[in-house]
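**Student:** can't give you the sequence, but here's the structure:
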Ligand SMILES: Nc1nc2c(ncn2[C@@H]2O[C@H](COP(=O)(O)OP(=O)(O)OP(=O)(O)O)[C@@H](O)[C@H]2O)c(=O)[nH]1
Ligand SMILES: [Mg+2]
């Protein structure tokens, strides 16, 4: 860069701004100048990466990348060729290691992306995706998926309206109300929903017969309740449920479930995210892969809900067909190829039959 | 304004920008990126890791980094900070309960030195949902006025579902980044 490209001193920058009320503005100008200097340095460093050095660092990165890629591939093909995979007790941990190497590789790419040409970045990402797929294949080939778990789940009992669970009073917390009173105080932040109920049958029909808009709905702080939502809703938020049964028609958007214990959910939705669930069964239909995080003892089965007109509702929400995604669960706390210990497929002989919520019979 | 003459001289040959999209899980980042790129948004799984999209926008090439926002993987966000020109923070305006988390994570991010020069666009997403807070309300709850004075920022209401507001947001971001790092021609 030429001499006149040097940044001006903050004082002169401030002086140029005629309208400035000195102190505040010069501080501001100093900050701006500092920011511009940073950007300029950044720019210089980008320019300084001459084609030569760039291709050097690129090629050294690429050789590192391809080294670990081929080592991963050779491990995988060795695993594949093991004569009797089922008799090899170390296979599982070997596959785990491979998955971790792939994760490291992904991280390496992420860390280097700013200095890599975009074509290389994309190629590397593609490679990583492919490797992950191979791991999945190999895993399926050599380790039969743990389909059934016979963990004792007998603790779950059916709560009727007579079973008053009252030792622990339900705390009704309303975080949003706090946000509101502390920071804004401009309107009541209440989405429609069921909150703070105990041992009740809660029924809601959306958009059926009336022209209420499809919108979001909240279930929070419920204990021992039987919740039936019919019709289409755009988003569903579920928070702090214990011993509940929740039956829901199509959600044309996402369901976010947090802090639920010992519950049964029957849900159809475009996206399903489950956080901090313990000992719950989920009967799902989903357009994308359901995910769990910080959960354990959760089991999955296909959707099994009925009410008058559900087919039409599902159709309209693009959930008319079974996708098989109910079993494609990703556990964000278990980013490895082998089956997560936190969830399992609900054995067929333990599954609910189709649940019909058409009539308002309090007991199903 | 005297600064312009200096900015003018900071000019890159290639008109590339690096845009980082972050925000809590479920806020709609991936949906926004796919929508703006004209792709199908009906089947999107929560992002495990990250996606990169290269989009030609006006006369610029945007490298958009869409990073997963699930709690477990938020700690990886910092791997993506380097050389970020534009930062997009996406908010689910209908998720009232988690606005506290949202504010916390945003202010945490803004402390990051490597992001200090980046223009900040806040998308108050999901405006199509009836109970969603307006952009003004989101700005208040997130305490945006408390941000460092030197930060270039703007909040825009949008819906990745209808597409409303997306172009307005990206227009501002691209113009703001461009006016800082490219010669204005
Ligand atoms: N109604 C409505 N739903 C939206 C909108 N934007 C996104 N969604 C839905 O919100 C859910 C989450 O969207 P994603 O794009 O996967 O969210 P994300 O921020 O990428 O989430 P992570 O990848 O986990 O960080 C999906 O079910 C989307 O269909 C919107 O503007 N309106
Ligand atoms: Mg995503």
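**Tutor:** Thanks, I have it. Computed from a prediction, not measured in an experiment: that's the story for all the values here. Ligands and ions are numbered 1, 2, ... in the order given.

**Student:** from now on I want contacts and neighbour counts done on CA atoms only, so please keep to that.
**Tutor:** Noted.

**Student:** now the phi/psi pair for residue A:244, please.
**Tutor:** Note on residue A:244: backbone dihedrals following degrees, to the nearest 10 are phi -110, psi 160.

**Student:** go on, residue A:63?
**Tutor:** Main-chain dihedrals, residue A:63, degrees, to the nearest 10: phi -70, psi -40.

**Student:** burial of it, as a residue count?
**Tutor:** 12 (other Cα atoms under 10 Å in any protein chain shown).

**Student:** report the beta-bridge partner residues of residue A:343.
**Tutor:** In this structure, residue A:343 bridges to residue A:298 when assessed by DSSP bridges.

**Student:** whoops, I mixed them up, residue A:193
**Tutor:** residue A:218.

**Student:** show me the contacts for it.
**Tutor:** Counting by Cα atoms under 8 Å, 6 or more residues apart in numbering or on different chains, residue A:193 makes contact with A:217-220.

**Student:** can we see that at 7 Å?
**Tutor:** Residue A:193 makes contact with A:217-219, according to Cα atoms under 7 Å, 6 or more residues apart in numbering or on different chains.

**Student:** for ligand 1, state which of those is nearest.
**Tutor:** For the contacts of residue A:193, the residue nearest ligand 1 by Cα to the nearest ligand atom is residue A:217; the value is 12.0 Å.

**Student:** ok so, going back, closest one of the contacts of residue A:193 to residue A:203?
**Tutor:** Within these, distances to residue A:203 taken as Cα to Cα reach their minimum at residue A:219, with 11.7 Å.

**Student:** surely the closest one meets residue A:194?
**Tutor:** Yes - the criterion here is Cα atoms under 7 Å, and residue A:219 meets it with residue A:194 at 5.0 Å.

**Student:** hang on, the earlier thing: in JSON lines: the contacts of residue A:193, plus distance to residue A:57 and pLDDT.
**Tutor:** Formatted as JSON lines, the contacts of residue A:193 follow (distance: Cα to Cα, whole Å; pLDDT from 0 to 100):
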{"residue": "A:217", "distance to residue A:57": "52", "pLDDT": "94"}
{"residue": "A:218", "distance to residue A:57": "52", "pLDDT": "95"}
{"residue": "A:219", "distance to residue A:57": "53", "pLDDT": "97"}
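
**Student:** which of the residues you listed count as buried?
**Tutor:** Neighbour-count burial (16 or more other Cα atoms under 10 Å in any protein chain shown) is assigned, among these, to A:217-219.

**Student:** circling back to that earlier point, which one of the contacts of residue A:193 is nearest residue B:100?
**Tutor:** Of all the contacts of residue A:193, residue B:100 sits closest to residue A:218, with 17.2 Å by Cα to Cα.

**Student:** what residues does chain B put near ligand 1?
**Tutor:** Contacts of chain B with ligand 1, taken as Cα under 6 Å from any ligand atom, map to B:24-31, B:44-47, B:68-70, B:125-126, B:128-129, B:159-161.

**Student:** where does the prediction get shaky in chain B?
**Tutor:** For chain B, the stretches with pLDDT under 70 are B:1-14, B:183-185.

**Student:** hey, where'd the strands end up in chain B?
**Tutor:** Using DSSP state E, the strands found in chain B span residues B:16-22, B:50-57, B:60-67, B:86-92, B:119-125, B:153-157.

**Student:** mind listing the strands the fifth one pairs with, and their directions?
**Tutor:** Taking DSSP bridges as the criterion, strand B:119-125 forms sheet pairs with strand B:86-92 (parallel), strand B:153-157 (parallel).

**Student:** now do the helices in the stretch 201-350 of chain A.
**Tutor:** Taking DSSP state H, counting those that start in this stretch to define them, one finds helices in the stretch 201-350 of chain A at A:310-316.

**Student:** which ones among the residues of chain B next to ligand 1 lie within helices?
**Tutor:** B:29-31 (DSSP state H).

**Student:** by neighbours, which of those wins?
**Tutor:** Most neighbours among these, by other Cα under 10 Å: residue B:29, with 29 neighbours.

**Student:** how much space between it and chain A?
**Tutor:** As judged by Cα to the nearest Cα, to the nearest Å, residue B:29 and chain A stand 13 Å apart.

**Student:** correct me if wrong: that residue contacts residue B:90.
**Tutor:** Yes - using Cα under 7 Å, residue B:29 is in contact with residue B:90, at 6.3 Å.

**Student:** what's the weakest-modelled helix or strand in chain A?
**Tutor:** helix A:175-179 (a mean of 36; mean pLDDT, DSSP states H and E).

**Student:** mind checking how far residue B:58 is from residue B:174?
**Tutor:** Distance from residue B:58 to residue B:174, counting by Cα to Cα, to the nearest Å: 9 Å.

**Student:** what do you get for residue B:131?
**Tutor:** If you measure residue B:131 against residue B:174 using Cα to Cα, the figure is 30 Å.

**Student:** now do residue A:28
**Tutor:** Using Cα to Cα, residue A:28 is found at 23 Å from residue B:174.

**Student:** what's the answer for residue B:94, then?
**Tutor:** Using Cα to Cα, residue B:94 is found at 27 Å from residue B:174.

**Student:** more neighbours, the two?
**Tutor:** Applying other Cα under 10 Å to residue B:94 and residue B:174 shows that residue B:94 carries more neighbours, namely 27 against 23.

**Student:** skipping adjacent residues, who's closest to that one in space?
**Tutor:** Leaving aside its chain neighbours, residue B:94 sits nearest to residue B:132 (4.1 Å; criterion: Cα to Cα, 6 or more residues apart in numbering or on different chains).

**Student:** repeat for residue B:79
**Tutor:** Leaving out its chain neighbours, the residue that sits closest to residue B:79 by Cα to Cα, 6+ apart is residue A:111, at 5.7 Å.

**Student:** is it true that the one you found touches residue B:78?
**Tutor:** No - at 9.4 Å, residue A:111 does not count as touching residue B:78 under the criterion of Cα under 7 Å.

**Student:** doesn't residue A:243 make contact with residue A:262?
**Tutor:** Yes - taking contacts as Cα under 7 Å, residue A:262 lies within contact range of residue A:243: 5.0 Å.

**Student:** compare those two (neighbour count), which wins?
**Tutor:** Remark: of residue A:262 and residue A:243, residue A:243 carries more neighbours, 24 against 21, as counted by other Cα under 10 Å.
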